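*Asks:* quick one, structure for this:
(2 chains)
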Amino acid sequence: MRLGISGKGGVGKTTISAVLARELARRGRTVVAIDCDSDPNLGASIGLGEEGAARLRPLLDQSPSGRSLPGERSARDLLAEYGSPGPDGVTVLLGARVEQAGSG
Amino acid sequence: MEAGLEHLTWAGGTLRHVDLLLVVLQPTRKVLLTAERTHRLALELGIPDVCYVASRAGEGDRERFEAFAAERGGVLLGLIPDDDAVRRADRTAACVIDSAPDAASVRAIRQLADALEARMAAPPAGPGGAPGERHPGSVGVSHA
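*Replies:* Now for the predicted structure:
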């Protein structure tokens, strides 16, 4: 199942997403948690730690020369390259991270 | 872009491919206005099922949120109480499921997981038509 979680800023999306991802993984599901926020913190909330979360490599590459997404490849390959293993076996994936003013 | 709507518009709507969109509510007018806009965008995108969860809410808010959900053809799948355990976990960037596994908020999110699994197992015929393949046994939780 593909589940999206949305709501106004500050309502608790990240906390609910993190606990839900962990809980569903404990129930035996294969969970991929994707942070689509440009100021992401789902990784840290899931329990990667601040350093682990900082090491996440976003799918959207935003270099000064322009933005690019990974080329065509299977979901399995994308997860292997960009996914980070977290507690309870949750795989964390990052959509984008704004590194510079004027991007995002 | 408006706070809370980016993921439905940014990059062509990164959440358009979900089977179920869970909209987080809180008992404030501004949050409910965002939820209303989200509901309309989700319909436009053809998301088959839009449901709701109340955050930092008490039992006294349940009726109001259930009515809000029902008016939009969805259901309230959970009510997560305001919880100091979450604030304590946030101070150290811990997950509350680790720091306080029996906290009221964690118990409520377990109930939310029950409700979500039941809803996914027997989805309604949503406005987007028949739901697609649901990848049993795996789940992608995406959020913004």
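*Asks:* what ranges does the chain have for its strands?
*Replies:* All of this refers to chain A. Under the criterion DSSP state E, chain A carries strands at the ranges A:2-6, A:30-35, A:61-63, A:66-68, A:84-85, A:91-94.
*Asks:* other chain: chain B
*Replies:* Using DSSP E, the strands of chain B run over B:20-25, B:50-54, B:76-79, B:138-143.
*Asks:* mean pLDDT lowest where, among the ones you listed?
*Replies:* Sorting these by mean pLDDT places strand B:138-143 lowest, at a mean of 69.
*Asks:* got the contact list for the residue of chain B found nearest chain A?
*Replies:* Here chain B gets closest to chain A at one residue, residue B:24, 3.2 Å apart by CB to the nearest CB. All C-beta atoms are positioned from the backbone trio N, CA, C, and that covers glycine. Taking CB atoms under 8 Å, 6 or more residues apart in numbering or on different chains, we find residue B:24 in contact with A:5, A:6, A:7, A:8, A:11, A:12, A:13, A:16, B:52, B:53, B:54, B:55.
*Asks:* same check, this time on residue B:115
*Replies:* Contacts of residue B:115 by CB under 8 Å, 6+ apart are B:77, B:78.
*Asks:* gap between it and residue A:67?
*Replies:* Taking CB to CB, to the nearest Å as the criterion, residue B:115 is separated from residue A:67 by 38 Å.
*Asks:* with residue B:55 instead?
*Replies:* 32 Å.
*Asks:* and residue B:32, by the same measure?
*Replies:* 34 Å.
*Asks:* what of residue A:54?
*Replies:* Taking CB to CB, one finds residue A:54 at 20 Å from residue A:67.
*Asks:* one step back: more neighbours: residue B:32 and residue A:67, which one.
*Replies:* A count of neighbours by other CB atoms under 10 Å in any protein chain shown puts residue B:32 above the other of residue B:32 and residue A:67, at 17 against 12.
*Asks:* out of the strands of chain A, deepest packed?
*Replies:* Among the strands of chain A, ranked by average contacts under mean count of other CB atoms under 10 Å in any protein chain shown, first place goes to strand A:2-6 (a mean of 26).
*Asks:* could you check whether that one is close to chain B?
*Replies:* Yes. Using CB under 8 Å from any CB of the partner chain, we find that strand A:2-6 touches chain B at A:2, A:3, A:4, A:5, A:6.
*Asks:* OK, contacts around residue A:17?
*Replies:* Residue A:17 neighbours (CB under 8 Å, 6+ apart): A:5, A:33, A:42, A:45, B:141, B:143.
*Asks:* closest to residue B:64 among those?
*Replies:* residue A:5 (20.7 Å; CB to CB).
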